[in-house]
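# sequence plus the predicted model coming up.
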Amino acid sequence: MKETIGLITVGLGIIAYAPYLFDIIRRKIKPHPYSWFIWGLTASLMFGLQILHGGGAMSWSTLTVGITSFVICGLALRNGGRRLITRQDKVSLAAALIATVLWLLANEPTLAMLLLVSADVFGLIPSVRKTWHDPYSEALPMWAINVARHGLNIFAITSYSLLTLADPVVWVIANFGFCIMVLIRRITIRKSSLQLTEEVAA
C-alpha cells in the first residue's frame, strides 16, 4: 500500500513539474535559480537520510524533486535568472548553505533533518520575494499539486518520527501558504488595475 502511495506521489511530481518545465522553456514563468539550487541540494541529501532511516516509498518522491530542481535551476539561469538575484537572496543562499554544512557536521539524524528543512525554508525566501512583486512569474498549479503530493508523502512513510515527518509536513504548509500568497497578490493587482482603468475613464 505504501509503495503504491509512493508511486502516486512520484506521478504527481511529474504532473506538477512537466508543465512547469515547459513554461520555463517558453519563458512564461521566471523561477528563482537560488531557490531551485537549494532545493536540489537539500532534496538529494534528504533522500540519503530517508533511505537510511525508514523513509520507505516517501523517498522516491524526494529523489524526483532533487533531480527536477537541478534541471529547473539550470533552465532558470539559461533564461536570465541572474537578473532576479538581490542582496537579500544572497543572504538566504548563504544561510541555506550554512545549514547544509551544519548538517554535514551533525551526528544526530533528527537534528540533521531539521537543519536540512531549515535550509529548504531559506531557499523559499527568494521565490517568495520575487513572486510577491510579480505573482504571475510563477505557475500556481505546480504549487497546488505539491500540497497534495507532500500530503500523500505523509501516508507513504514506513516509520513515523520527527525525522521522517519534518520535511513533508513543512512542505504542505509552505506550498499551501505560497498558493494563498499568489492568489491574494493577483487579486490585489487585478483590483488595482481595474481601479486605475476606471479613474482614467472618468
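Received, thanks.
# below-threshold pLDDT in this protein: ranges please.
Low-confidence segments of the chain (pLDDT under 70): 1-10, 12-13, 53-60, 198-202.
# so which residues of it form helices?
For the chain, the helices defined by DSSP state H cover 2-25, 33-52, 58-78, 87-105, 109-133, 140-156, 162-201.
# spit out the contact partners of residue 186.
Applying C-beta atoms under 8 Å, 6 or more residues apart in numbering to residue 186 gives the contacts 135, 136. All C-beta spots, glycine's among them, are computed from the backbone N, C-alpha and C.
# against residue 179, how distant is it?
Note on residue 186: its distance to residue 179, by C-beta to C-beta, to the nearest Å, is 11 Å.
# return the most buried member of the helices of the chain.
The highest average neighbour count among the helices of the chain, using mean count of other C-beta atoms under 10 Å, belongs to helix 33-52 at a mean of 22.
# ok, residue 119 touching residue 99?
Yes: between residue 119 and residue 99 there is a contact under C-beta atoms under 8 Å: 3.9 Å.
# gap between residue 154 and residue 147?
12 Å.
# need the overlap of contacts for those two.
Shared between the contact lists of residue 154 and residue 147 (criterion: C-beta under 8 Å, 6+ apart) are residues residue 172.
# residues touching residue 96, list them.
By C-beta under 8 Å, 6+ apart, the neighbours of residue 96 are 38, 41, 42, 119, 120, 122, 123.
# ok, now with 10 Å
The neighbours of residue 96, taking C-beta atoms under 10 Å, 6 or more residues apart in numbering as the test, are 34-35, 37-39, 41-42, 116, 118-126.
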